[in-house]
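S.K.: Mind folding the following:
(one chain, ligands or ions: 1)
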Amino acid sequence: MTDSIHELIEASEAYLRRFGIEGARDVVSGIVRWKSGPLRKVTPQPDPRCGFLDEALAAIAGADDLRAAIMAARPVLKWITYDLYPREEIGPRFPEAHAFVPLIGGTAPVHADDFELGLFLIAPRTLYRDHRHAAPEIYAPLTGPHGWRFGIDEPFHDRPAHEPVWNPSLAVHATLVKDVPFLCLYGWTRDVDMPAMTVPAPDWDMIEARL
Ligand SMILES: [Fe+2]
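M.R.: All right, here's what the predicted structure looks like:
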């Protein structure tokens with residue numbers, strides 16, 4: 001395994017092994033199961049439409065090996081967007097302000113059945129509105145702080161970089177990205193093809209008006 005995608009997967013696994021939480025262990029198990037698959041050719045899209053990749057990489061502190069692996073793989077990364085939310089529900093900003101790269105998964109450079117690992121980027125001053133999905137999910141933010149809440153009646157609380165968030169299946173969660181771009185490793189351990197759904201909250205407009 002000498003290509004930069006496999007090296008990035010190795011660095012991601014090593015990074016996630018830092019954390020003892022349930023979700024990190026589940027995602028590491030999935031990585032170990034699938035990581036040795038052959039590299040599938042994908043057409044690179046090294047520049048995410050939302051921008052801010054340089055700023056996000058510059059904001060990483062405390063994960064030098066992983067950052068170096070992302071930078072080495074950057075020319076062959078295919079940044080795409082998640083376009084399954086109805087726009088009137090997810091709002092006008094999120095579709096333009098995020099991008100992600102599957103590394104392992106059904107359409108990723110390294111194949112997996114019903115498992116996904118990748119990078120997820122959100123531009124500053126973006127609310128990723130409350131949503132849920134069947135897939136249990138880890139977010140391991142490499143940058144921070146970012147605001148999080150786990151219920152539409154809850155206040156947002158800041159969490160620093162390198163403090164992973166585990167969202168059990170169908171748990172409601174929202175991310176408030178302020179001045180620092182959000183860059184994380186994400187992992188979905190099953191039900192990866194079930195669409196995500198927004199969970200309407202009464203304060204979206206108010207929060208977005210202040211960003
Ligand atoms: Fe999510």
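S.K.: Spell out the secondary structure type for residue 100.
M.R.: Using DSSP: H, G, I helix; E, B strand; the rest coil, the structure places residue 100 in strand.
S.K.: Same question for the one 3 residues further on.
M.R.: Applying three-state DSSP to residue 103 yields a three-state assignment of strand.
S.K.: That one and residue 46: what is the separation?
M.R.: Note on residue 103: its distance to residue 46, by Cβ to Cβ, to the nearest Å, is 14 Å. Yep, even glycine has a C-beta here, placed from its N, CA and C like the rest.
S.K.: So those two - more neighbours on which side?
M.R.: For the pair residue 103 and residue 46, the greater number of neighbours falls to residue 103 (27 against 13), based on other Cβ atoms under 10 Å.
S.K.: what's the more buried one in contact with, if anything?
M.R.: 5, 8, 9, 12, 109, 110, 117, 118, 119 (Cβ atoms under 8 Å, 6 or more residues apart in numbering).
S.K.: For the residue positioned nearest the centre of the chain, list each beta-bridge partner.
M.R.: When the chain is reduced to its mean C-alpha position, the closest residue under Cα atoms, centre = their mean turns out to be residue 120, at 3.1 Å. With DSSP bridges as the criterion, the beta-bridge partners of residue 120 are residue 100, residue 184.
S.K.: I'd guessed residue 82 sits against residue 101; true?
M.R.: No: between residue 82 and residue 101 no contact is recorded; they are 11.7 Å apart, counting by Cβ atoms under 8 Å.
S.K.: what about these two, which has more around it?
M.R.: Neighbours around residue 82 and residue 101, counted as other Cβ under 10 Å, are more numerous at residue 101. The numbers are 27 against 14.
S.K.: Now for the more buried one: which residues touch it?
M.R.: 77, 78, 79, 80, 118, 119.
S.K.: all strands for the chain, in order.
M.R.: Listed from the start of the chain, the chain has strands (DSSP state E) covering 98-105, 110-111, 116-122, 126-132, 137-141, 146-149, 157-159, 165-167, 173-177, 182-188, 197-198.
S.K.: what's the closest of those strands to residue 39?
M.R.: Each of these has some distance to residue 39 by Cβ to Cβ; the shortest is strand 110-111, at 6.5 Å.
S.K.: tell me what the closest one is packed against?
M.R.: Applying 3 or more Cβ pairs under 8 Å, 6 or more residues apart in numbering; DSSP states H and E, one finds that strand 110-111 contacts helix 4-16, strand 98-105.
S.K.: Would you enumerate the residues in contact with the nearest residue to residue 27 once chain neighbours are set aside?
M.R.: Closest residue in space to residue 27, ignoring its immediate chain neighbours: residue 187 at 3.4 Å, by Cβ to Cβ, 6 or more residues apart in numbering. By Cβ under 8 Å, 6+ apart, the contact list for residue 187 reads 16, 23, 26, 27, 30, 31, 115, 116, 117, 137, 138, 140.
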